[in-house]
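Novice: Sequence and predicted structure are below.
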Amino acid sequence: MQVFAPIALFVYNRPKHTERTLKFLRQNTLASESRLFVFSDGFKSAEDEAKVLEVRELLKSIEGFKSVEVIERPENMGLANSVIAGVSRLVKDYQQVIVMEDDLIVSPHTLTYFNDGLSRYRKHEKVMHIGAYMYPLPENELPETFFYRAATSWGWATWERAWQHFEPNIDTLMSQFDAKKKSEFSIEHKMNFWKQMQDFKKGKNNSWAIRWYASIFLKGGLTLNPSQSLVNNIGHDGSGIHSGINDIYNVIINPKRIEQFPSEIKESKAAYETIKSFLSTRKGSFWERIKRYVKQRLA
């Protein structure tokens, strides 16, 4: 009998977002056969306390999963440390994990996609990460799924054998990059991945995701991705700690079950070029950028 991957859900102080995330997760066909672990971070200020407690009250009535365990952190760990600790615990106990945050809504087939991918590529060392999000790519002829170098963080899954290569030390990671690797890592400088590394070192962000992608990249790993997203981020409304108001990455969720997976373990050149093209033009014209900036400032 197949053992389905446990779900790690990381929550903080957004009860309405958390409620929607749970609603959509519960509608998945494999929800009733999946163990749910909810990691509730402690409040870091008196202002956050009421919302954190409201979220924790909501968590007491979760139904629709094989089992539910709520881990209430007594102190604030921050998202990065919370994710690293939670993922490390679950892959140790279950050898695999599906990771969600409190601002994501998913397709009814997202858990199926994750579990199919985890099962199919379990023994393929080069495959290190399964992502559910994909940029709103223009009309393309990409297959349902493909391999790519970069790791997305809005709904993902991995195995213990891959997570053991996660390197949290930014200096250890950055010391392994030369000019060529920096270009390859940042999709020929079309995405600010290297800047995210620099910002982490300067203390300007506390991203676990950029360190995880760097760990995968330096290991020569690949990530599995859908050509049409199975998840959408609803946190770009100014409510999140790490997200502003932005609709560049908003997507229409694929309502269909993923049926096709790549048999050849190598990066898709077509997908790489399509994503690179999207990243090159994603911010729009000069005036579109000005309007977006004004909108964010007013909000």
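Specialist: Noted; the coordinates are in hand.
Novice: what's Phe39 sitting at in phi/psi?
Specialist: phi -100, psi 110 (degrees, to the nearest 10).
Novice: what's around it, how many residues?
Specialist: 24 (other Cβ atoms under 10 Å). For the C-beta atoms, the positions are set from N, CA and C on the backbone; glycine is no exception.
Novice: For it, which non-adjacent residue is spatially closest?
Specialist: Gly86 (4.6 Å; Cβ to Cβ, 6 or more residues apart in numbering).
Novice: Now that neighbour: which helix or strand?
Specialist: According to DSSP states H and E, Gly86 maps onto helix 79-94.
Novice: Would you mind giving the secondary structure of the residue positioned nearest the centre of the chain?
Specialist: In the chain, the centroid-proximal residue (Cα atoms, centre = their mean) is Ser153; its distance is 1.9 Å. Assigned by DSSP: H, G, I helix; E, B strand; the rest coil, the conformation of Ser153 is coil.
Novice: excluding its backbone neighbours, what's nearest it?
Specialist: Ala209 (3.9 Å).
Novice: Repeat that for Phe146.
Specialist: Ser268 (3.9 Å).
Novice: hang on, Leu9 packs against Asp41?
Specialist: No - counting by Cβ atoms under 8 Å, Asp41 is not a contact partner of Leu9; they are 11.6 Å apart.
Novice: Report the contact partners of Ser153.
Specialist: Contacts for Ser153 (Cβ atoms under 8 Å, 6 or more residues apart in numbering) come out as 131, 133, 209, 212.
Novice: what are the bridge partners for Ala8, then?
Specialist: Counting by DSSP bridges, Ala8 forms beta bridges with Phe37, Val99.
Novice: Could you tell me how many residues sit around it?
Specialist: Neighbours around Ala8, by other Cβ under 10 Å: 24.
Novice: can you count the residues close to the residue nearest to Ser153?
Specialist: Using other Cβ under 10 Å, Ala209 has 19 other residues around it.
Novice: The helix or strand hosting it - contacts with which helices or strands?
Specialist: Assigned by DSSP H and E, Ala209 belongs to helix 208-218. Here helix 208-218 touches helix 79-94, strand 127-131, helix 170-174, helix 179-185, helix 193-202, going by 3 or more Cβ pairs under 8 Å, 6 or more residues apart in numbering; DSSP states H and E.
Novice: Let me know which of those is the nearest to Asn254.
Specialist: Closest approach to Asn254 among these is made by strand 127-131 (13.2 Å; Cβ to Cβ).
Novice: Residues touching the closest one, excluding its own?
Specialist: With contacts defined as Cβ under 8 Å, 6+ apart, strand 127-131 is touched by 113-114, 117-118, 121, 147, 151-159, 162, 165, 212, 216, 219, 221-226, 265.
Novice: about what we covered before: contacting residues for the residue nearest to Phe146?
Specialist: Ser268 touches 142-143, 146-148, 262, counting by Cβ under 8 Å, 6+ apart.
Novice: and it, backbone torsions?
Specialist: The phi and psi torsions at Ser268 (degrees, to the nearest 10) take the values phi -80, psi 120.
Novice: re earlier: tell me the most packed of the contacts of Ser268, by neighbour count.
Specialist: Phe146 (25 neighbours).
Novice: Double-check it against Gln228; I have them as touching.
Specialist: No - in terms of Cβ under 8 Å, Phe146 does not count as a neighbour of Gln228; the distance is 11.5 Å.
Novice: wait, doesn't the residue nearest to Ser153 sit right on Ala151?
Specialist: Yes - at 7.1 Å, Ala209 counts as touching Ala151 under the criterion of Cβ under 8 Å.
Novice: on that earlier part again, okay, angle between the helix holding Gly86 and helix 193-202 too, please.
Specialist: Interaxial angle of helix 79-94 relative to helix 193-202 (axes from the mean of the first three to the mean of the last three Cα atoms, to 10 degrees): 100 degrees.
Novice: what residues does helix 79-94 touch?
Specialist: In contact with helix 79-94 (Cβ under 8 Å, 6+ apart) are residues 3, 5-6, 8, 10, 12, 35, 37, 39, 41, 71, 73, 77, 97, 99, 101, 158-160, 163, 166, 168, 206-208, 241-242.
Novice: Among these, which ones are in helices?
Specialist: Of these, the ones assigned to helices by DSSP state H are 160, 163, 208.
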